[in-house]
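Peer 1: I'd like to go over a predicted model; first the sequence, then the structure.
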Amino acid sequence: MPVDDLHILKDDMTAFIEGHGMRRFPGYVGDELPTVAWRQDENPDAWKDFVELAKAAGAPFLTMEDDVLAKDELDFLIDRLKEGAYSDDLEDARWLRAHVGKTGFLQLGFAFQGTLFVYEVSTEWYDHYQQVLEAAEAMGGLLIEDDEDDE
């Protein structure tokens, strides 16, 4: 059964990390630095192996980031989509209202010898949200470029 809210998983991760005597650093590891992503498999507890690997590598802490769908962010997205001709994306964004307040994305990370290692997990609705967000940003980018041309 697919998980719809990763909040409980986040709590489990926090307890497991602290149980290993490690600290958490709130932060997101972006794409700008050399990064190696943990290959996902069918093991829902693979994140525990990731934490244990970080400890074995001597990492004193792990970065930890989560993304909770906020009502104001979703409302802004819906308003942006209303401005365009993206009715399918608008309907998808409205469907996402059922997930407001839920955690849809978690990322753990640690640095080792100049490389960042990350473990990411997301819900299906969050992945869909990201696709709709990208469509809105693409539309917004076109509007911003047009505004800059007017100046």
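Peer 2: On my side now, so go ahead.
Peer 1: Can you report how many residues lie near G109?
Peer 2: Residues near G109, counting by other Cβ atoms under 10 Å, number 26. All C-beta spots, glycine's among them, are computed from the backbone N, C-alpha and C.
Peer 1: Downstream of the strand or helix carrying it, the next helix or strand is which one?
Peer 2: For G109, the host element (DSSP states H and E) is strand 103-112. Where DSSP H and E defines the elements, the next helix or strand beyond strand 103-112 is strand 115-122.
Peer 1: hey, what's the spatially most central residue of the chain bridged with?
Peer 2: Nearest residue to the geometric centre of the chain (Cα atoms, centre = their mean): F105, 3.8 Å. Beta bridges link F105 to D67, S122 when assigned by DSSP bridges.
Peer 1: Which of the three states applies to the nearest residue to R24 once chain neighbours are set aside?
Peer 2: Computed as Cβ to Cβ, 6 or more residues apart in numbering, the closest residue to R24 that is not its neighbour in sequence is M64, at 4.5 Å. With DSSP: H, G, I helix; E, B strand; the rest coil as the basis, the three-state label of M64 is strand.
Peer 1: got any ranges where the protein has weak pLDDT?
Peer 2: Applying pLDDT under 70 to the chain flags the ranges 1-2, 84-87, 139-151.
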